[in-house]
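[1] any chance you can model this:
(one chain, ligands or ions: 2)
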Amino acid sequence: MLTAAPITAEDFAPFGEVVELGGVFKTINDGFCRRYSDLATLDIVDGQPGISLFNAEIRSLPYDCGLLERHPLGSQCFIPMQNAEFLVIVAPDAGGRPGVPRAFVAGSGQGVNIGRNVWHGVLCPISGSGLFAVVDRIGPGANLEEVRLPEPVTVTLAPGG
Ligand SMILES: NC(=O)N[C@@H](O)C(=O)O
Ligand code: NI
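    Residues are numbered from 1 along each chain as shown. Ligands and ions are numbered 1, 2, ... in the order given. Okay, the predicted model is just below:
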């Protein structure tokens, strides 16, 4: 059983970045808008960044994660288009396969940018809307490596989470 912790930039740093308000901003548009720039880095190899929409089914908890994947040629950024909570399941690499997985839960106002070649579960909304903007690599070649886990990892939220 894996308990998903609320995602923080610090805890998620080994796997990517959290896209959320905070830190330095620049006031623009005649003072009616705050611009928070450069919150995540697109890491694209032999291709171009592109913006896609994912309309994912809402998944129920506890969630059995049986597949981890990674994209050797590009990072992958998920940004909710509407209010949503979603699981972010990641794992370090262990000799070319996923190591011990970790689970986070991201809430409204939070997107995540998963680093290039970082093992992760597929997009997993658990409440609200499953409509996400995804900024990732568009290009030729093999950019998807999948590993079916011998035993699914069952993910829940912390009590009160
Ligand atoms: N395959 C695909 O585009 N989506 C996955 O990579 C995912 O992380 O959801
Ligand atoms: Ni992916």
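
[2] residue nearest the centroid of the protein?
    Nearest to the mean C-alpha position of the chain, by C-alpha atoms, centre = their mean, lies Val112 at 4.2 Å.

[3] direction included, what does the helix or strand encompassing it pair up with?
    Here Val112 sits within strand 111-114, counting by DSSP states H and E. Using DSSP bridges, the strands paired with strand 111-114 are strand 16-19 (antiparallel), strand 76-80 (antiparallel).

[4] please report how far the nearest residue to Gly74 once chain neighbours are set aside lies from ligand 1.
    Nearest residue to Gly74, sequence neighbours excluded (C-beta to C-beta, 6 or more residues apart in numbering): Arg137, at 2.8 Å. Bear in mind the C-beta positions are built from the backbone N, C-alpha and C, glycine included. Distance of Arg137 to ligand 1, given as C-beta to the nearest ligand atom, to the nearest Å: 10 Å.

[5] wait, doesn't Arg137 sit right on His71?
    Yes: counting by C-beta atoms under 8 Å, Arg137 touches His71, with 6.8 Å between them.

[6] for the nearest residue to Phe15 once chain neighbours are set aside, give the beta-bridge partners.
    The spatially closest residue to Phe15, leaving aside those adjacent along the chain, is Val90, at 4.2 Å (C-beta to C-beta, 6+ apart). Judged by DSSP bridges, the bridge partners of Val90 are Arg102, His120.
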